[in-house]
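>>> Output the structure for:
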Amino acid sequence: MEKGFLLLETAVTGFLLVTASLLCFSYGMLNRQRAESEASHAAVYLAREQMARIEANAVFYRGYTGDIPWLGDNGPDIKNLNGREYEVETTMRGAEEGAGLREVTVCVRWKGAADKREEKFRKLVDCGG
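Numbering: from 1, shown residues only. This next block holds a predicted model:
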């Protein structure tokens with residue numbers, strides 16, 4: 001009778017150990033995915049802020065082509081959010097669609113869990129003709 005209980009206890013203990021290790025692995029994976037999602041959302045926020053500031057001063061950029069520095073707070077090209085450093089690179093060039101239109105490209109880069117990540121956005125901005 002005792003041999004049967006020992007086998008059952010060993011099986012239950014093994015099952016609990018496997019379940020606990022799978023839960024720890026899943027938790028770590030979900031935590032990494034959450035962090036990457038937060039970083040991507042922050043990059044979208046930075047790109048939208050840069051675009052909004054350019055559109056608010058669109059007349060200033062009439063006829064301009066070239067790089068545009070970070071227009072927000074906290075320094076020229078780097079923004080810190082959620083403990084990560086983001087690099088915002090913005091370029092403006094003439095658009096083929098019209099004389100007053102400019103194609104604005106905002107690229108936001110940051111270091112992800114294992115490599116460099118980036119989000120890139122393009123928009124046509126009417127700077128007046």
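>>> backbone phi and psi for the most centrally placed residue in the chain, please?
Nearest residue to the geometric centre of the chain (CA atoms, centre = their mean): Ser40, 2.1 Å. Geometry field for Ser40 lists phi and psi as phi -70, psi -40, criterion degrees, to the nearest 10.
>>> Wait, it touches Glu119, no?
Yes: applying CB atoms under 8 Å, one finds Ser40 in contact with Glu119, separated by 6.5 Å. For every residue, glycine as well, the C-beta is placed using N, CA and C.
>>> If Glu87 is in a bridge, with which residues?
Counting by DSSP bridges, Glu87 is bridged to Ile78, Arg109.
>>> shaky segments in the chain?
1-5, 74-78, 113, 129 (pLDDT under 70).
>>> any chance you could map the strands in it?
Along the chain, counting by DSSP state E, strands occupy 66-68, 78-81, 84-94, 101-111, 116-126.
>>> Now render those as a markdown table, adding distance to Arg48.
Listed next are the strands of the chain as a markdown table, based on distance: least, CB to CB, whole Å:
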| stretch | distance to Arg48 |
| --- | --- |
| strand 66-68 | 15 |
| strand 78-81 | 12 |
| strand 84-94 | 11 |
| strand 101-111 | 9 |
| strand 116-126 | 8 |
